[in-house]
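Enquirer: whatever this is, show me its structure:
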Amino acid sequence: MSDALEALELHPVRIPMRQRFRRVDHREAVLVKGPRGWGEFSPFPDYPPEVTTRWLAAALELSCGQLPDPVRPVIPVNVTVPAIDTEAAVALVEESGATTAKVKIADREGSEDEDVERVAAVREALGPQGNLRVDVNASWDLETAIARIERLDQYDLQYVEQPVATLEDMKALRARVPVPLAADELVRQSPHPLRVIEEGAADVLILKVQPMGGVSRSRSSSPRRWRPRSASTVVCWRRRLSRTSPMPVAWARCHSSKGTPRSIPWSRSTACSRSDALSPTPIYWSDGGRSVIEVPRCSASCAPPPRS
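Expert: Okay, here's the model as predicted:
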């Protein structure tokens, strides 16, 4: 590994965003070129060192390590809708071609009515068959979460991602609302990522490759006693399936365990909101009536079909 580290090339980038996302309008990153390919180190600036070291581990795994072979060439993706006005939200969803959308809400104090309008507009744009998720980024307290989820429930949410900050509040909330809950920050910022599941505090577990420290660590953290059901940025599981349709699981860039089904809504990364997103591996969008990613690093047996 030491020889591989000495051979690394580091390329800092600063990329303007098309839409403000998580209160930032530029994304700063270091692209890492190593003997195995390219990695990306791009934690948000407010993350502490104990968190950012995982992002570095993920970058080194991609650039210096060995990934499992992908088992499918193409996966559908979801579109992520930041805190923007309804007209822009609808345009983003329609332009994406995706049938699953994740809407960011609770971006600031007093945004409830705007959030509801955005969710309603996205639901209308998706149609009744589309999958709709909302992401709160742990911005609510327990009582606020109960009231807001009850108000949003009319839009047939697939799940609410990290509505409250603590495991105790997640567990209490899950017992009081009918909508499935997803854990994100409680997974990637915890030294014990499966505790939220063991405590019965979530229906969906979200594993993201960079925050978890790479593909291998994400895979080793998965609760294998759960049947894989759905996918977000990397992978989620669901036990409670009320009013939602099951979806299979995928690993980042489709590096998945063999035997899982082929079609999932996989989250578009933040890079896809950038004005001029850089990708050293050939990830690109194709439009065949749906939004998909064609998977890089494929062997000849699983390479994506040529573009027409």
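
Enquirer: give the burial count for Val204, as a bare number.
Expert: 26 (other C-beta atoms under 10 Å). All C-beta atoms are positioned from the backbone trio N, CA, C, and that covers glycine.

Enquirer: swap that for Trp38, please
Expert: 18.

Enquirer: neighbouring strands - and their directions - for the one helix or strand it maps to?
Expert: Secondary structure from DSSP states H and E places Trp38 in strand 37-41. Strand 37-41 has its sheet partners listed here by DSSP bridges as strand 24-34 (antiparallel).

Enquirer: what about the partner strand, average pLDDT?
Expert: Average pLDDT, strand 24-34: 92.

Enquirer: stretch 167-184 too?
Expert: 97.

Enquirer: going forward can the numbers begin at 11, since that is how I track them
Expert: I'll keep to 11 as the first residue from here, and by that count the last item is stretch 177-194.

Enquirer: contacts for that stretch?
Expert: 143, 145, 147, 151-152, 155-156, 159-160, 162-163, 167-174, 196, 205-207, 209-216, 218, 242, 246, 248, 250-254 (C-beta atoms under 8 Å, 6 or more residues apart in numbering).

Enquirer: circling back to that earlier point, check what contacts the strand holding Trp48 and list those residues.
Expert: For strand 47-51, the external contacting residues (C-beta under 8 Å, 6+ apart) are 39-42, 65-66, 68-74, 220, 290-291, 307.

Enquirer: hang on, the earlier thing: strands - which of the contacts of stretch 177-194 land there?
Expert: Taking DSSP state E, the ones among the contacts of stretch 177-194 that sit in strands are Arg143, Asp145, Tyr169, Val170, Glu171, Val214, Leu215, Cys246.

Enquirer: quickly list what the third one is bridged to.
Expert: This points to Tyr169. Here Tyr169, judged by DSSP bridges, has bridge partners Arg143.

Enquirer: which one of the ones in strands among the contacts of stretch 177-194 is nearest to Val84?
Expert: Checking the ones in strands among the contacts of stretch 177-194 against Val84 with C-beta to C-beta, the nearest one is Cys246 at 19.8 Å.

Enquirer: would you mind checking the contacts of stretch 177-194 for buried ones?
Expert: The neighbour count (16 or more other C-beta atoms under 10 Å) marks 143, 145, 147, 152, 155-156, 159, 162, 167-174, 196, 206-207, 211-216, 218, 242, 246, 248, 250, 254 as buried among the contacts of stretch 177-194.

Enquirer: if we can go back for a sec, how about JSON lines for the ones in strands among the contacts of stretch 177-194, with pLDDT and distance to Pro78 added?
Expert: As requested, the ones in strands among the contacts of stretch 177-194 are arranged in JSON lines below (pLDDT from 0 to 100; distance: C-beta to C-beta, whole Å):
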{"residue": "Arg143", "pLDDT": "97", "distance to Pro78": "27"}
{"residue": "Asp145", "pLDDT": "97", "distance to Pro78": "28"}
{"residue": "Tyr169", "pLDDT": "97", "distance to Pro78": "27"}
{"residue": "Val170", "pLDDT": "98", "distance to Pro78": "31"}
{"residue": "Glu171", "pLDDT": "97", "distance to Pro78": "27"}
{"residue": "Val214", "pLDDT": "91", "distance to Pro78": "23"}
{"residue": "Leu215", "pLDDT": "88", "distance to Pro78": "20"}
{"residue": "Cys246", "pLDDT": "38", "distance to Pro78": "19"}
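
Enquirer: ok, and the closest non-adjacent residue to Gln199?
Expert: Nearest residue to Gln199, sequence neighbours excluded (C-beta to C-beta, 6 or more residues apart in numbering): Val61, at 6.3 Å.
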